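1. what's the 3D shape of this:
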Amino acid sequence: MSVVLDTVRLRLHDIAHGRSGDKGNRSNISVIPYADTAYDLLLEQVTEERVLKLFGHKGASAVIRYELPNLPALNFVIDDALEGGVNSTLNLDLHGKTLSFMLLDLPVEVPLERVEEFTKGRMQNQ
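-> Next comes the predicted model:
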């Protein structure tokens, strides 16, 4: 017999914050949960495949996820997501620093009974 937990769909920014940067045509985005206990959910749902799909329209060719359990945090290195990089494009909005907002819009499924626990840090930081 399997038990199905009730879940609610939230945006990643509801349970985590991010930091990002760029180097050439490579973006680097860290995702840090507000509650340490949400780390396992991030490991399960914020995968290299999902991140590559999210940035596919920007030409991303590869994503490597680094797991940092002692922080806890995830760090994503995304290749070719900057359309040549800051110095190679006429677009002014392609700095890797802005791409964390796109990743933080990713939907995640959160068990209903853990929503308050996972979002508590967000409410304290506003």
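
2. Now do the buried residues in the longest helix belonging to the chain.
-> Criterion DSSP state H: the longest helix present in the chain is helix 115-124. Under the neighbour-count criterion of 16 or more other CB atoms under 10 Å, helix 115-124 has 118, 119, 121, 122 buried. Yep, even glycine has a C-beta here, placed from its N, CA and C like the rest.

3. ok, residues contacting that helix?
-> Here helix 115-124 makes contact (CB atoms under 8 Å, 6 or more residues apart in numbering) with 8, 10, 13-15, 17, 33-35, 37-38, 41, 110.

4. Make JSON lines from these and add distance to residue 24 and pLDDT to it.
-> Listed next are the contacts of helix 115-124 as JSON lines, based on distance: CB to CB, whole Å; pLDDT from 0 to 100:
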{"residue": "8", "distance to residue 24": "39", "pLDDT": "95"}
{"residue": "10", "distance to residue 24": "33", "pLDDT": "97"}
{"residue": "13", "distance to residue 24": "27", "pLDDT": "96"}
{"residue": "14", "distance to residue 24": "32", "pLDDT": "97"}
{"residue": "15", "distance to residue 24": "31", "pLDDT": "97"}
{"residue": "17", "distance to residue 24": "25", "pLDDT": "95"}
{"residue": "33", "distance to residue 24": "29", "pLDDT": "98"}
{"residue": "34", "distance to residue 24": "31", "pLDDT": "97"}
{"residue": "35", "distance to residue 24": "34", "pLDDT": "96"}
{"residue": "37", "distance to residue 24": "36", "pLDDT": "96"}
{"residue": "38", "distance to residue 24": "32", "pLDDT": "97"}
{"residue": "41", "distance to residue 24": "32", "pLDDT": "98"}
{"residue": "110", "distance to residue 24": "35", "pLDDT": "96"}
